[in-house]
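In: no FASTA, just this:
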DNA sequence: CATCGTTGGTGAATCGATTCATTACTGATT
DNA sequence: AATCAGTAATGAATCGATTCACCAACGATG
């Protein structure tokens, strides 16, 4: 086994008989002395083949190191056994959890998952969607990067099912799984108001994202309930949603006059960045400024000051989205009903927003 | 455009003429009044077609919404235009960075990347490798989950190139990109010894991973240089390498007598978990126990006590690995020389290991 | 005018697995 | 003995893009 001349096998057709590139189903059939149809049956419907024949075929498969070609299956089937997941940013542990949930559900169904980052760029998103169409993926889970929905509208002509993740359905042509972001924003800001704050900064994204807008709306509604007008929400926009952007936002927050006594961040990465900035400037959290984040990623609890955050059921969301997609993809007779599932967020209070004693 | 009866097109063959499932190259050829070969040329060698013909074909493509099928291309080409990346844990930001680097390099070459988690399980790893073989991916970047190398040995019979990531080459049959973990461990523990510690705990993984063993070896060599024996390193093994495992390890650390005054963690996730445990138990860091982590993930700096850590050039590693793989995959004439690249880590000192004043 | 080269285009063969109508055979039933 | 049912296996057609040997048309050249 270890002594065979591997090098010669690895090179091109320089040797005796063709070097048998990669064994195909025909090679197996020849080796086992059966037809290709039988080999296919052994692989896909073993019970339809006599045990004796079956084992002969399996032996041939083993001997030749045969691995069936997915491309050929796909070509015949018209679509691949891969599900695509397009998220905004894999650097955000929230999306890693979504991916985990989706992957688990997909694996149970025998599918692979191709995870991609749009990086919040509609152009990147469009490019990836094009790639998915070429790949004839069996479906796409997507957290849309552009609010216009133009990319997805264009994509829908390919008749590949897709499910929106972390976003409510914008049209009746697909399923969606989301978390009630309005409620999440309301929980976060309501909590701050209860703690006595009367002016809250909102560190947000560009506003292209529904999540961001909804959280803002929830924040405003909480203010409204407390008898405060929208001017009590001081917006600090930020083009990206990562820790570095949070640091920038923190610096800008420090420059505001009057300085808000509380800040609500559109996600935990921003919150961690803001926290770093405040910390570096000697501003105490929560005494001087209280912080509430969003997503409750694992690192929120480990922060310099453990972060109060709005927890989202990320893994569940990924799993549900994948399951909805599978339902739709398996639907032969057009009985599939598009569904829009909305999950509920939960406030997790930690030190960053609770005045000590 | 918005008025066409989309529903009828979406359903099965209930209407007039076959519903034209998905337009193929033949449909385009017919529509444009040319042969399939010409359509193929328009797509792949546009300069070889008269501008007039070309635009007619492009118009047909546009009109039919034609998207070429990757499966068919792959079948013909023998391999896909997708590179696989199999990491230990996408929940670890370190691997997210590796993925980022790899993805960037792959995209530049027009390839897609399929990112998968082995979760440190050799069985999962084997399953994924099997999937990759079926997919006929053009290559695999892998951080091996089993130290025996059995999975990869089995995989090598498929003649699909692979590059080891974060691991030195174990055999001459492939490229590898790694970081000098011995040196990293040595830097970390050397730093602790310089700060006056004489007994260091090492929170490690199961020992199946080379990274873990090498970091340990580096730690021992640092002890040796300081005239201390291996008994000065108190090992706290842990089956996984995430924050939860770190919390467990922290609890065990607290139970040790005599209690080490410093702890070196095999990665930052463990370190963050340990930190949480110590913090919860009222043990001060670094006054009572100093902590050094590994990887210098973004969240290390944001921790309750900012973590001293050993930084690895993760993005660079991912990119280099992908580039090596592409070189090997594009290599027709067997001139490819397998290379093993070793990158250098760097110690980043923060509050978790420096005695105040 | 015949020959050659070039350019633009053709269409059949190919990749490998699946599917399905067909055949070969074995027992059982009438 | 003839018919039928059922099982096991066959092999040709199919999916869609690529490739390549070949062809037609045209201008240039001897």
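Out: Alright, I've got the coordinates. This structure is a prediction, so every number in the text was calculated from the model and none was measured.

In: Name the nearest residue to residue A:71, sequence neighbours excluded.
Out: Leaving out its chain neighbours, the residue that sits closest to residue A:71 by Cβ to Cβ, 6 or more residues apart in numbering or on different chains is residue B:74, at 3.8 Å. Every residue, glycine included, has its C-beta placed from N, CA and C.

In: just residue A:122 next, same as before
Out: Nearest residue to residue A:122, sequence neighbours excluded (Cβ to Cβ, 6+ apart): residue A:146, at 3.6 Å.

In: residues near the one you found, how many?
Out: Look at residue A:146: counted by other Cβ atoms under 10 Å in any protein chain shown, it has 17 neighbours.

In: Please apply the same query to residue A:299.
Out: So residue A:299, with other Cβ under 10 Å, has 25 neighbours.

In: And it, how far from DNA strand C?
Out: Counting by Cβ to the nearest atom of the strand, to the nearest Å, the gap from residue A:299 to DNA strand C is 44 Å.

In: now the strands for the stretch 1-150 of chain A?
Out: Using DSSP state E, counting those that start in this stretch, the strands of the stretch 1-150 of chain A run over A:82-87, A:112-117, A:139-142.

In: Repeat that for the stretch 151-300 of chain A.
Out: According to DSSP E, counting those that start in this stretch, the strands that the stretch 151-300 of chain A contains are A:162-165, A:175-179, A:200-204, A:233-237, A:262-265, A:290-295.

In: Mean neighbour count for the ones you listed - can I get that in a markdown table?
Out: Listed next are those as a markdown table, based on neighbours: other Cβ atoms under 10 Å in any protein chain shown:
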| stretch | mean neighbour count |
| --- | --- |
| strand A:162-165 | 28 |
| strand A:175-179 | 25 |
| strand A:200-204 | 25 |
| strand A:233-237 | 17 |
| strand A:262-265 | 29 |
| strand A:290-295 | 30 |
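
In: Mind checking those strands for the one nearest to DNA strand C?
Out: Among the strands of the stretch 151-300 of chain A, the nearest to DNA strand C by Cβ to the nearest atom of the strand is strand A:162-165 (24.2 Å).

In: doesn't residue A:129 make contact with the residue nearest to residue A:122?
Out: No. Residue A:146 lies out of contact with residue A:129 (Cβ atoms under 8 Å); the separation is 10.9 Å.

In: What parts of the stretch 1-150 of chain A come near DNA strand D?
Out: A:33-38, A:41, A:48-50, A:52-53, A:72, A:75-76, A:78 (Cβ under 7 Å from any atom of the strand).

In: switch the cut-off to 6 Å
Out: Taking Cβ under 6 Å from any atom of the strand as the contact definition, the stretch 1-150 of chain A meets DNA strand D at A:34-38, A:41, A:48-50, A:53, A:75-76.

In: For these, which two are the farthest from each other?
Out: Greatest spacing in those, by Cβ to Cβ: A:50 and A:75 (29.5 Å).

In: Look at the residue in the stretch 101-250 of chain A that DNA strand C sits nearest to and say how many residues are nearby.
Out: The nearest approach of the stretch 101-250 of chain A to DNA strand C comes at residue A:110, 12.2 Å away (Cβ to the nearest atom of the strand). For residue A:110, the count of nearby residues is 8 (other Cβ under 10 Å).

In: Can you tell me the closest non-neighbouring residue to it?
Out: Nearest non-adjacent residue to residue A:110 (Cβ to Cβ, 6+ apart): residue A:81, at 6.9 Å.

In: Any regions of chain A where pLDDT drops low?
Out: Across chain A, the ranges flagged by pLDDT under 70 are A:1-20, A:333, A:356-357.

In: Could you rerun that using 50?
Out: Flagging of chain A using pLDDT under 50 yields the residue ranges A:1-18.

In: Show me it divided up by domain.
Out: Here the domain assignment for chain A is A:17-68, A:78-178+A:314-342, A:181-312+A:347-353, based on automatic domain parsing.

In: Serialize those domains to JSON lines and add fields for distance to residue B:334.
Out: Converted to JSON lines, these look like this (distance: least, Cβ to Cβ, whole Å):
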{"stretch": "domain A:17-68", "distance to residue B:334": "12"}
{"stretch": "domain A:78-178+A:314-342", "distance to residue B:334": "30"}
{"stretch": "domain A:181-312+A:347-353", "distance to residue B:334": "44"}
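
In: ok so, going back, for the residue nearest to residue A:122, grab phi and psi.
Out: Main-chain torsions, residue A:146, degrees, to the nearest 10: phi -120, psi 130.

In: Leaving out the residues flanking it, which one is nearest to whatever residue of the stretch 51-200 of chain A ends up closest to DNA strand C?
Out: Residue nearest to DNA strand C within the stretch 51-200 of chain A: residue A:72 (3.3 Å; Cβ to the nearest atom of the strand). Nearest residue to residue A:72, sequence neighbours excluded (Cβ to Cβ, 6+ apart): residue B:75, at 5.3 Å.

In: Might you report the residue contacts of that neighbour?
Out: A:69, A:71-72, A:75 (Cβ atoms under 8 Å, 6 or more residues apart in numbering or on different chains).

In: Name the nearest of those residues relative to DNA strand D.
Out: Closest to DNA strand D, out of all of those and judged by Cβ to the nearest atom of the strand, is residue A:75, at 4.2 Å.

In: Find the closest residue to DNA strand D in the stretch 51-200 of chain A.
Out: Counting by Cβ to the nearest atom of the strand, the stretch 51-200 of chain A gets nearest DNA strand D through residue A:53, at 3.2 Å.

In: correct me, but that residue touches residue A:38?
Out: Yes. The pair residue A:53 / residue A:38 is scored as a contact, 6.6 Å apart, by Cβ under 8 Å.

In: More neighbours: those two, which one.
Out: residue A:38 (21 against 16).

In: So which bits of the stretch 51-200 of chain A are right by DNA strand C?
Out: So far as Cβ under 6 Å from any atom of the strand goes, the stretch 51-200 of chain A lies against DNA strand C at A:68-69, A:72-73, A:75-76.

In: So which of those residues sit within helices?
Out: Within those, residues falling in helices by DSSP state H are A:72-73, A:75-76.

In: Drop anything exposed from those.
Out: Buried by 16 or more other Cβ atoms under 10 Å in any protein chain shown: A:72, A:75, out of those.

In: and which of the ones in helices among the residues of the stretch 51-200 of chain A next to DNA strand C is nearest chain B?
Out: Comparing these against chain B with Cβ to the nearest Cβ picks out residue A:75 as the nearest, at 4.3 Å.

In: What separation is there between the residue nearest to residue A:207 when sequence neighbours are not counted and chain B?
Out: Leaving aside its chain neighbours, residue A:207 sits nearest to residue A:213 (6.1 Å; criterion: Cβ to Cβ, 6+ apart). Distance, residue A:213 to chain B, by Cβ to the nearest Cβ, to the nearest Å: 26 Å.

In: what about residue A:213, how many neighbours?
Out: Residues lying near residue A:213 (other Cβ under 10 Å) number 18.

In: is it true that residue A:184 touches residue A:216?
Out: No. Using Cβ under 8 Å, residue A:184 makes no contact with residue A:216, being 10.8 Å away.
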